[in-house]
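Trainee: Structure for the following, please:
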Amino acid sequence: MSKDTFPFTDTSLRSLRLEQEHQDWENARRALAHRRAMTRAPLAPAPLPPPAPSAGRGAPGPGRRKLQEVRAPPPAVRCRDVAVHNTFMCGDMRGVYALLKDPAMVNALMETVHEEMVWTPEMGMWTLTSKVRQTSALRLAASRGHVGCVEELLFRGAEADADPGGRTALQDACVGGHAPCVRLLLNHGAAPDLMTADGSAPLHLAAAARALGCCVLLLDGGAEVNLPTRDSRLTPLHLAARAATEELAELFLSRGADVRAKNREGETPLNAACAGAERPAEAGRYLRVVQLLLGAGAEPFTAGRKLHTPLHNACANCSARIAERLLLRGARADVENCAGYTPMDCLLQVVEDYPGQQPEVIARSLLNHGAKLASPKVLKYCLLSPATLEVLLNTYTIIPPCGWMEALSSDVYKEHQAFFDRVRRLSGQPRSLQHLCRGVVRHSLGAACHSAVGRLPVPGTIQDYLLLCNDGTLR
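Mentor: Numbering: from 1, shown residues only. Next comes the predicted model:
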């Protein structure tokens, strides 16, 4: 085989031939459309109005005025030269001035061709297909924040709201957080609420990018603060809450954002904030946003279509301070979602994932706010957190049989041997009279236990005992 040749399989040759035929067809179609636009006959002249009555007999009527002929505009210039694209992307003003000597380049369509593998059912195989993506010089410059290039293009007549490829230059500037470009485009008439092809407005894109300056400019330019996305119905406040961006949440609320707005799943920004607090390192940021939303009137008991409340989300993320804040503001500890799970169930399912996040604090708060007793079947989820297990067992009048301890690892047993041995000894045995009295008092106080115990005329140690504070023992 010669060194200048390359072996092709029958499949690859067929794929290349089909691709070449498709490209030839596309070029012929564009050429035909161009010829039709340039050779189209002008519209027939409109009928003349009846002649006005003459002032004197035999006076000539008004002269006929020839109507202007209308022709289709010429097709837009298309450019696939990567060097031209890079000139606008890099903001090379010397190259920009040279390119813009041709007025057609101001609004030219910049096309890039990407090779992608596409499954073709007709052939039963994957084929390499060229995908053409369109943009514009204004979009390229705005997406990189080149203010001088954007200003020059707008000065030469670039269309501020042109959206080749499904986006405008303003939307690209918001994605990149380029506030100077956003200000320049708005001053040249860019629409602040024009949506992308996938249904997002510039304010949504700026909020997702945490671009505070862009959001301020958009709102000052007339953007609607409660405008939802087309598909998911997310408002900018939803996006700010989900990302725990406190400054944006404060800005949107100060501009009239609806704190009770619901997305397509029926969830409010408070649901989004509680669901987003997945990483313990970010719990403080999310707590501040939750407090901000609650202070603005958010309802902590509002559930989405799946009946999942903010408290369910906080417990599923083992966010103790957020759960406590929601409970203090009226969240119900015993409500079930569509799957029949309570916030306690959501907590116990993730105890193994957050052993160092003090899940026992959330379990204690839920029980002190009226949560139902946990089923013995779920006690096995707490083996990695003996402190949580202690809180739950202290709500039983009789410790259930220890079949749930079969999954206990030897390492955890050695570390907490005294506690687990005591659990086995007390299994099936009556509890102490002191513990039974605690159960009676708690049952009589019900969901008000968390606040009523503090008003009882008893020592602080007794109050802590009534509130199920851990002491490492079982009685």
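Trainee: So, low pLDDT: which residues of the stretch 151-300 of the chain?
Mentor: Applying pLDDT under 70 to the stretch 151-300 of the chain flags no residue at all.
Trainee: Over to residue 467: give its phi and psi.
Mentor: Dihedral pair for residue 467: phi -90, psi 10, per degrees, to the nearest 10.
Trainee: Adjust the sequence numbering to begin at 874 for everything that follows.
Mentor: All set: I'll call the first residue 874, so the last point we hit is now residue 1340.
Trainee: Surely it and residue 1322 touch.
Mentor: Yes: contact criterion CB atoms under 8 Å: residue 1340 and residue 1322 qualify, at 7.2 Å. Placement of C-beta: from N, CA and C, glycine included.
Trainee: so what sits against both of these two?
Mentor: Counting by CB atoms under 8 Å, 6 or more residues apart in numbering, the contacts common to residue 1340 and residue 1322 are residue 1241.
Trainee: Which of the two has more residues huddled nearby?
Mentor: For residue 1340 versus residue 1322, the count of surrounding residues by other CB atoms under 10 Å is larger for residue 1322: 20 against 17.
Trainee: pLDDT wise, what is that one at?
Mentor: pLDDT for residue 1322: 92.
Trainee: can you check residue 1299 too?
Mentor: 85.
Trainee: Nearest residue to it in space, please, no chain neighbours.
Mentor: Nearest non-adjacent residue to residue 1299, counting by CB to CB, 6 or more residues apart in numbering: residue 1272, 4.9 Å away.
Trainee: Helices of the stretch 924-1073 of the chain, residue ranges please.
Mentor: 955-963, 966-972, 1010-1017, 1020-1028, 1042-1049, 1052-1060 (DSSP state H, counting those that start in this stretch).
Trainee: For the shortest one, name the packing helices and strands.
Mentor: Meaning helix 966-972. For helix 966-972, the helices and strands in contact under the criterion 3 or more CB pairs under 8 Å, 6 or more residues apart in numbering; DSSP states H and E are helix 955-963, helix 1020-1028.
Trainee: Mind putting these into CSV with distance to residue 1257 and mean neighbour count?
Mentor: CSV is the format used below for the helices and strands packed on helix 966-972 (distance: least, CB to CB, whole Å; neighbours: other CB atoms under 10 Å):
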stretch, distance to residue 1257, mean neighbour count
helix 955-963, 52, 17
helix 1020-1028, 55, 21
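Trainee: Indicate which one of those helices is closest to residue 1303.
Mentor: Between residue 1303 and the helices and strands packed on helix 966-972, the shortest gap by CB to CB is with helix 955-963, which sits at 77.7 Å.
Trainee: and the closest one, what other elements does it pack with?
Mentor: By 3+ CB pairs under 8 Å, 6+ apart, helix 955-963 packs against helix 966-972, strand 982-993, helix 1010-1017.
Trainee: looking at the ones you listed, which has the lowest confidence?
Mentor: strand 982-993 (a mean of 80).
Trainee: residues making contact with that strand?
Mentor: 949-953, 955, 957-958, 961, 998-1010, 1012-1013, 1037.
Trainee: Show me which residues of that strand are buried.
Mentor: 982-984 (16 or more other CB atoms under 10 Å).
Trainee: what's the closest of these to residue 1234?
Mentor: Using CB to CB, these come closest to residue 1234 at residue 983, 56.3 Å.
Trainee: what sits opposite the closest one in the beta ladder?
Mentor: Beta bridges link residue 983 to residue 952, residue 1008, judged by DSSP bridges.
Trainee: so which of the helices and strands packed on helix 955-963 gets nearest residue 1204?
Mentor: It is, among these and with distance given as CB to CB, helix 1010-1017, at 42.8 Å.
Trainee: Now do the buried residues in stretch 1174-1182.
Mentor: Buried residues in stretch 1174-1182, counted by 16+ other CB under 10 Å: 1175-1177, 1181-1182.
Trainee: Save those residues as a markdown table, and put in distance to residue 1068 too.
Mentor: Formatted as a markdown table, the buried residues of stretch 1174-1182 follow (distance: CB to CB, whole Å):
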| residue | distance to residue 1068 |
| --- | --- |
| 1175 | 27 |
| 1176 | 29 |
| 1177 | 24 |
| 1181 | 28 |
| 1182 | 31 |
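Trainee: What is the most widely separated pair among those residues?
Mentor: So for the buried residues of stretch 1174-1182, where distance means CB to CB, the most widely separated pair is 1175 and 1181, at 10.3 Å.
Trainee: Spell out which residues are contacts of both of the two.
Mentor: With CB under 8 Å, 6+ apart as the test, residue 1175 and residue 1181 both reach residue 1144.
Trainee: Inside helices: which ones of the buried residues of stretch 1174-1182?
Mentor: Judged by DSSP state H, the buried residues of stretch 1174-1182 include no members of helices.
Trainee: now, which of these sits nearest residue 1049?
Mentor: residue 1177 (32.3 Å).
Trainee: per-residue confidence for the closest one?
Mentor: 89.
Trainee: What of residue 876?
Mentor: Per-residue pLDDT puts residue 876 at 50.
Trainee: repeat for residue 945
Mentor: Reading off the confidence values, residue 945 has pLDDT 55.
Trainee: follow-up on the earlier one: looking at the buried residues of strand 982-993, which is nearest residue 1120?
Mentor: Nearest member of the buried residues of strand 982-993 to residue 1120, counting by CB to CB, is residue 983, at 34.9 Å.
Trainee: if I look at that closest one, how far off is residue 1009?
Mentor: Look at residue 983 and residue 1009: by CB to CB, to the nearest Å, they are 6 Å apart.
Trainee: CSV for the helices and strands packed on helix 955-963, including distance to residue 1165?
Mentor: Conversion of the helices and strands packed on helix 955-963 to CSV gives the following (distance: least, CB to CB, whole Å):
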stretch, distance to residue 1165
helix 966-972, 44
strand 982-993, 42
helix 1010-1017, 32
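Trainee: between the ones you listed, which gets nearest to residue 1214?
Mentor: strand 982-993 (39.1 Å).
Trainee: The closest one vs helix 1010-1017, what angle?
Mentor: Angle between the axes of strand 982-993 and helix 1010-1017 is 80 degrees (criterion: axes from the mean of the first three to the mean of the last three CA atoms, to 10 degrees).
Trainee: so strand 982-993 versus helix 955-963, what angle?
Mentor: Going by the same axes, to 10 degrees, strand 982-993 makes 110 degrees with helix 955-963.
Trainee: chain center to strand 982-993, what's the gap?
Mentor: Mean-position distance between strand 982-993 and its chain equals 27 Å (CA atoms, centre = their mean, to the nearest Å).
Trainee: and residue 1080, helix, strand or coil?
Mentor: When classified by DSSP: H, G, I helix; E, B strand; the rest coil, residue 1080 comes out as helix.
Trainee: Look up how far residue 1306 lies from residue 1346.
Mentor: 16 Å.
Trainee: Could you work out the end-to-end span of stretch 1192-1210 for me?
Mentor: Across stretch 1192-1210, the terminal residues are separated by 19 Å (CA to CA, to the nearest Å).
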